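K.L.:
Fold the following.
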Amino acid sequence: MGTLKQAELKALGARPFAHRGLHGGGIAENSLAAFRAAVAAGFGVELDVQLSRDGEAIVFHDDELDRLTEATGAVAERSAAELGRIRLRGSDEAIPTLTDALGVIAGAPLLIELKAPDRHVRPLCGAVARALAPYIGEVGVMSFNPEVARRFRGAGRLRGLIVSEQGKGKWRGRIERNLALWRARPDFLAYDIRDLPSDTAALARFGGKAVYTWTVRTTEERARAAEHADQIIFEAMPA
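P.N.:
Next comes the predicted model:
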């Protein structure tokens, strides 16, 4: 990995990332208020994006609206304008677009998780790329789906693969991870804290890739992350 790419990874991982922004206490996850709070506290931001019916990148974690709003149904069945009128549960804020979020984050280190469950990733990747085109700041795009990193190859953005070893057999899991790594050729991994230490993560770091770990919630997890990862994606900042 080149010196320039190493410098970019160091800058991206310079601060802990607030998982879906700093939320709680009346601030909804993946809301503009959560992103403002994270930036004001000096943290980076991690957020999730889905694709609206009309092809815009929308900041929202779940496929369905039910858990996080008073509305029901699939995010993908609504237009960006319709989603922008839906209030996040327990909040005065509506569901933001990625463009809205980028205006608030304004250059803080940013991880964007693309929620892309199948091989048809081109529309969502295209929407994210369009939103990012004018953005100046350290940003990494990532997904469990290796096709996302593959699609962003050559786009001038840091690319990550999200990895969890949970619920998979030893050999099946290893084969799947190796295939995903070969397909994605990522610059960094976002690794499940429950799996650290991990041979896969250790080999990635040895090869010059950054390893960020999610979702860190306890002091013990923070200590483990300090030994086996380069930065944390946290939800409740350990003391």
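
K.L.:
Centre-most residue in the protein?
P.N.:
Ranked by distance to the mean C-alpha position of the chain (CA atoms, centre = their mean), the top residue is Glu113 at 3.1 Å.

K.L.:
what's near enough to touch the nearest residue to that residue once chain neighbours are set aside?
P.N.:
Closest residue in space to Glu113, ignoring its immediate chain neighbours: Asp48 at 4.8 Å, by CB to CB, 6 or more residues apart in numbering. (C-beta placed from N, C-alpha, C; glycine too.) Taking CB atoms under 8 Å, 6 or more residues apart in numbering, we find Asp48 in contact with 20, 30, 59-61, 112-113, 115.

K.L.:
Go again with 6 Å.
P.N.:
By CB atoms under 6 Å, 6 or more residues apart in numbering, Asp48 lies in contact with 61, 113, 115.

K.L.:
sorry, back to before: before we move on, which element is the residue nearest to the centre of the chain in?
P.N.:
For Glu113, the element it lies in under DSSP states H and E is strand 110-114.

K.L.:
wouldn't Glu147 be in contact with Val121 here?
P.N.:
Yes: using CB atoms under 6 Å, Glu147 is in contact with Val121, at 4.7 Å.

K.L.:
So for these two, which sits in the more crowded spot?
P.N.:
Val121 (22 against 19; other CB atoms under 10 Å).

K.L.:
residue furthest from the geometric center of this structure?
P.N.:
Furthest out from the centre of the chain (CA atoms, centre = their mean) sits Trp171, at 26.9 Å.

K.L.:
Checking that residue next. Helix, strand or coil?
P.N.:
Per DSSP: H, G, I helix; E, B strand; the rest coil, the local secondary structure of Trp171 is helix.

K.L.:
switch to numbering from 6
P.N.:
Noted, 6 is the first residue going forward, which turns the last one into Trp176.

K.L.:
ok, now how distant is it from Arg182?
P.N.:
11 Å (CB to CB, to the nearest Å).

K.L.:
which residues of this structure fall in strands?
P.N.:
Assigned by DSSP state E, the strands in the chain fall at 22-24, 49-56, 62-64, 115-119, 144-148, 163-168, 193-197, 215-221, 236-239.

K.L.:
about what we covered before: other SSEs contacting the strand holding Glu118?
P.N.:
Counting contacts by 3 or more CB pairs under 6 Å, 6 or more residues apart in numbering; DSSP states H and E, strand 115-119 is packed against strand 49-56, strand 144-148.

K.L.:
Export these as JSON lines, with columns for mean pLDDT.
P.N.:
Below are the helices and strands packed on strand 115-119 laid out as JSON lines (pLDDT from 0 to 100):
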{"stretch": "strand 49-56", "mean pLDDT": "98"}
{"stretch": "strand 144-148", "mean pLDDT": "98"}
